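# Below is the sequence, then the predicted model.
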Amino acid sequence: MIIERCEEYQNLLQKCIKEDLGFRDGKPVAACIIYKCLLNWHAFEAEKTDIFDYVIDALNVAVKADNENDILPYWLTNASALLCLLQRNLRSNGFLIKRYRHSTGSLDFSESILHDTNFPQQLMQMDQGSSFVDARYPAMLFKQQLTACLEKIFGLIRDNLKKEISPLLSLCIQAPKSTRGSSGRTLKSPGGTITQQPLSNHWDRIIKFLDSLMNRLQKNYVPSFFIRKLVTQVFSFINIQLFNSLLLRRECCTFTNGEYVKSGLSVLEKWITDATEEFAGSSWNELNYIRQSVEFLVLPQKRRMSLDEITQDLCSALSVRQIYRICTMYWDDKYSTHSVSTEVVATMRDMVNGDSQIPTSNSFLLDDDLSIPFTTEDISKSIEVIDPFNVQLPSSLHKYPAAHFLLHSEQPSA
């Protein structure tokens, strides 16, 4: 009988994880159903159980689906919602001391816990903050594993976004040759008509990418906290790619190219403003390195600039080594003006050569930060509390016996 019960619960959980249950009033249905099931089955209070391992394993399989652009945001929302429910409603109560206190303390899915008549009231009390579940070690371990899974999902989304935007950025670092000195690109259509293609064409693709990203995240009700983190990291990656390309390719360190990149940055600035701080966060600040570098490229009369004016005012975010690199690579392909004065260059050279603490090989490049930009405390504080109790059971789950208690709890009282 016990084995049959376990299979019933696993079948229900598998259906919840494998099927896209969608959202109800913006609330992730899968997270709410999984939480209510685990609560009603007293899984959180069990001293030994495999049910949490089953959930984590099934979730790890689910996020490997082919359509990652939709699956990963969907599970970012569900996993974070489930984690928040655990954080707010479970307490450890000294589980480390009591761990596996009884040899027979495994979670037996018996008749006595199949139906908890106090379940709806218990759940409402917890959502109001007046009651907690005294969780045992497996439940607290589950919370840690779910946190790791959430971080993995976030990292996969971020990595996929970088792969998606990288080929677009390679077209934005250098102005097309056919457009230098003109306001657009002249093309001949099959009918012989001459048309002008704007310089911002490549940058428009970046905007379409960002719009698509925002649509994917909002369609899956990803909390603004995570949207802000993802968008900010995308712009940090844009900054790193453009800045490093600028410092590695002399053909990019030109006056014309500075104008081209600056016009593209203005397009990004507008997108950030339109997205609002709630979703874009500090994304504009993430572009500081490339913004200041471009301002230097398009600055007239560079020879009149002192070292202090360059390092403290114009390019305050950059190191002397990075500024020196740009100054020595720069050439004016439009007005044939000179770079900074030989005295400023000589002073920077002495400073760079005297800095023995930094290796000379490509030490001017920016590194990509691969760390996870949030903690579990950040999630708990920043994500809105959801009430799982008023999320109804989807009709596709009505046939599962293990879910019948949810149908019973949804029936209106007489």
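Cool, got the structure.
# going forward, measure contacts between C-alpha atoms and count neighbours the same way
Noted.
# now the stretch 51-200 of the chain, which segments are flagged as low pLDDT?
Within the stretch 51-200 of the chain, the segments meeting pLDDT under 70 span 93-131, 178-200.
# repeat that for 80
66, 93-131, 177-200 (pLDDT under 80).
# now the strands for it?
Per DSSP state E, counting those that start in this stretch, the stretch 51-200 of the chain carries strands over the ranges 90-91, 133-134, 184-188, 194-198.
# ok now the second one, how far from the chain's centre?
Just to be clear, that refers to strand 133-134. With Cα atoms, centre = their mean, to the nearest Å as the basis, strand 133-134 stands 32 Å off its chain's centre.
# what about residue 345, distance to residue 169?
Using Cα to Cα, to the nearest Å, one gets 30 Å for the distance from residue 345 to residue 169.
# out of those two, which sits in the busier spot?
More crowded of residue 345 and residue 169, by other Cα atoms under 10 Å: residue 169, with 21 against 18.
# what's near enough to touch the more buried one?
With contact taken as Cα atoms under 8 Å, 6 or more residues apart in numbering, residue 169 is in contact with 206, 238, 241-242.
# And residue 207, by the same measure?
Counted by Cα under 8 Å, 6+ apart, residue 207 has contacts 267-268, 271.
# swap the cut-off to 10 Å and go again
With contacts defined as Cα atoms under 10 Å, 6 or more residues apart in numbering, the neighbours of residue 207 are 201, 213, 264, 267-268, 270-271.
# What is the nearest of the residues you listed to residue 382?
For those, the minimum distance to residue 382 (Cα to Cα) is 21.0 Å, reached by residue 213.
# Contacts only, for that closest one.
Contacts of residue 213 were listed using Cα under 10 Å, 6+ apart, and they are 69, 161, 207, 219, 227, 230-231.
# and the helix or strand hosting it, how far from the chain's centre?
With the criterion set as DSSP states H and E, the secondary-structure element containing residue 213 is helix 201-219. The chain centroid and the centroid of helix 201-219 are separated by 14 Å, computed with Cα atoms, centre = their mean.
# Determine the set of other helices and strands touching whatever helix or strand comes next after that helix.
Scanning forward in sequence from helix 201-219, with DSSP H and E defining helices and strands, the next element found is helix 224-248. Where contact means 3 or more Cα pairs under 10 Å, 6 or more residues apart in numbering; DSSP states H and E, helix 224-248 is packed against helix 68-89, helix 137-169, helix 201-219, helix 255-280, helix 283-286, helix 288-297, helix 320-329, helix 376-382.
# Next, format these as CSV and append distance to residue 10.
Putting the helices and strands packed on helix 224-248 into CSV (distance: least, Cα to Cα, whole Å) gives the following:
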stretch, distance to residue 10
helix 68-89, 17
helix 137-169, 16
helix 201-219, 29
helix 255-280, 37
helix 283-286, 43
helix 288-297, 50
helix 320-329, 57
helix 376-382, 27
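# Compare these and give me the one nearest residue 52.
Nearest to residue 52, of all the helices and strands packed on helix 224-248, is helix 137-169, at 6.0 Å by Cα to Cα.
# quick one on the thing from earlier: looking at the contacts of residue 207, which is nearest residue 146?
Taking Cα to Cα as the measure, residue 213 is the one of the contacts of residue 207 closest to residue 146, at 24.4 Å.
# For that closest one, give its distance to residue 142.
Between residue 213 and residue 142 the distance, using Cα to Cα, works out to 30 Å.
# Can you flag the buried ones in the contacts of residue 213?
Neighbour counting over those (16 or more other Cα atoms under 10 Å) leaves 161, 207, 227, 230-231 as the buried ones.
# Residue 234 and residue 268 touch, don't they?
No - counting by Cα atoms under 10 Å, residue 234 stays clear of residue 268, with 11.8 Å between them.
# can you list residues touching both of the two?
With the criterion set as Cα under 10 Å, 6+ apart, the overlap between the contacts of residue 234 and residue 268 is 210, 283.
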